[in-house]
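Asks: Mind folding the following:
(chains A and B)
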Amino acid sequence: MHAAGLAAPAGTPRLRKWPSKRRVPVSQPGMADPHQFFDDTSSAPTRGYGGQPSPGGLGYPSPSSSHEAPFLADPMSNMAMAYGSSLAAHGKELVDKNIDRFIPVTKLKYYFAVDTVYVGKKLGLLVFPYLHQDWEVQYQQDTPVAPRFDINAPDLYIPAMAFITYILVAGLALGTQDRFSPDLLGLQASSALAWLTLEVVAILLSLYLVTVNTDLTTIDLVAFLGYKYVGMIGGVLVGLLFGKIGYYLVLGWCCVSIFVFMIRTLRLKILAQAAAEGVPVRGARNQLRMYLTMAVAAAQPLLMYWLTFHLVR
Amino acid sequence: MAFTLYSLLQAALLCVNAIAVLHEERFLKNIGWGTDQGIGGFGEEPGIKSQLMNLVRSVRTVMRVPLIIVNSITIVLLLLFG
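Replies: The predicted structure follows:
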């Protein structure tokens, strides 16, 4: 058998490897090759299916069906496999169609379109926003540009990662003070999430009451409010290394930075166009909007302190 | 630091219940927050007071039936699990 295989014409090199193994199952369906437990797909597997009769027409290409022939020849299991795979495909289709109703997946994808350069620049901006001049988000045919291309665009990657890091750092801080227990991690996470939710609801409520016509979506707001976790992490880590003095210094710096960052970012979103350009516009409404922006920005340092002071002793 | 998501849910439920039990005639009209008062004219932006009144009225209308359901579930769960 091997000699016959090796004597095959040179134009079909791929058949040289398996002819002995392939011809055996056709003539003796009951005998499986004991030395081969799995399919040998190491050499030209896709071209090797051509000459093989596909059992049951299932579309599952198997280069060596020597030990599968008795199984697949059974029509009931053929049908069962076909039915199972069609059911799985149908289910996946259903989920894909309906998931968009509950979680706006396509909208979320925009917020995660980031790259390393953007993350680096944004982190730098969060701790030192004083030199940045242009805070406008660039638009491209009525849709905002992806965060990858514009540093002013909000993203959800940094807030999500910063939140998780904050939980871990809180666990670390508690551990170094011998106050750690696993359920405390869950408590920290739940507490931080609850404050975030409360903030979002409060800001949405005040935006509704002041009748601000803004394109600030809820997800945008969550992104902006999540940026404070970066400063919190910095403060707690420095507090662990250098004690309370370091903690207060770094936290103070990050608080002021976040305050300036939020004011400069929200000013463009909440205030009227004229006021945002620096021209002082009189009027009760604009004054109210200014107060709202200041209140939102002032709440950030307060929360940053509230959520971290018990971690640094 | 016992401010958890669960306590936030409880607080939200209690607040919505509080808004739902406000009595129009006895209470809101006396402080000028009745639903037939204070509709501003067109053209001008509605002030905070009329926005608040609108909010109260819409919460009362929308949340009446879901509140019954959520309250019943909460009562049953609290009775069972403390």
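Asks: Enumerate the residues of the stretch 101-250 of chain A near chain B.
Replies: For the stretch 101-250 of chain A, the residues in contact with chain B (CB under 8 Å from any CB of the partner chain) are A:187-188, A:190-191, A:193-195, A:197-198, A:208-211. The way it works is simple: take the backbone N, C-alpha and C, and place the C-beta from them, glycine included.
Asks: And those, which of them are buried?
Replies: Buried by 16 or more other CB atoms under 10 Å in any protein chain shown: A:187-188, A:190-191, A:193-195, A:197, A:209-210, out of these.
Asks: what's the single longest helix in the chain?
Replies: Just so you know, I chose chain A. Longest helix in chain A, counting residues (DSSP state H): helix A:228-270.
Asks: my bad, chain B
Replies: Secondary structure assigned by DSSP H gives helix B:48-81 as the longest helix of chain B.
Asks: and which of the buried ones among the residues of the stretch 101-250 of chain A next to chain B is nearest A:Val250?
Replies: A:Gln188 (19.7 Å; CB to CB).
Asks: all helices in the stretch 1-150 of chain A, in order from the N-terminus.
Replies: Ranges of helices within the stretch 1-150 of chain A are A:2-6, A:19-27, A:69-72, A:75-102, A:105-111, A:116-127, based on DSSP state H, counting those that start in this stretch.
Asks: Mean neighbour count and distance to A:Ser257 added to those, as a markdown table?
Replies: Shown next, in a markdown table, are the helices of the stretch 1-150 of chain A (neighbours: other CB atoms under 10 Å in any protein chain shown; distance: least, CB to CB, whole Å):
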| stretch | mean neighbour count | distance to A:Ser257 |
| --- | --- | --- |
| helix A:2-6 | 10 | 74 |
| helix A:19-27 | 15 | 69 |
| helix A:69-72 | 15 | 66 |
| helix A:75-102 | 10 | 36 |
| helix A:105-111 | 13 | 22 |
| helix A:116-127 | 15 | 5 |
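Asks: I'd like those laid out as a markdown table, including mean pLDDT.
Replies: Converted to a markdown table, the helices of the stretch 1-150 of chain A look like this (pLDDT from 0 to 100):
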| stretch | mean pLDDT |
| --- | --- |
| helix A:2-6 | 47 |
| helix A:19-27 | 47 |
| helix A:69-72 | 59 |
| helix A:75-102 | 84 |
| helix A:105-111 | 82 |
| helix A:116-127 | 92 |
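Asks: residue contacts, the spatially most central residue of chain B?
Replies: The residue lying closest to the centre of chain B (CA atoms, centre = their mean) is B:Ile19, at 2.8 Å. By CB atoms under 8 Å, 6 or more residues apart in numbering or on different chains, the contact list for B:Ile19 reads B:56, B:59-60, B:63.
Asks: Which of those residues sits closest to A:Lys269?
Replies: The nearest member of those to A:Lys269, counting by CB to CB, is B:Val59 at 26.2 Å.
Asks: so where's chain A uncertain?
Replies: Within chain A, the stretches with pLDDT under 70 are A:1-73, A:100, A:272-284.
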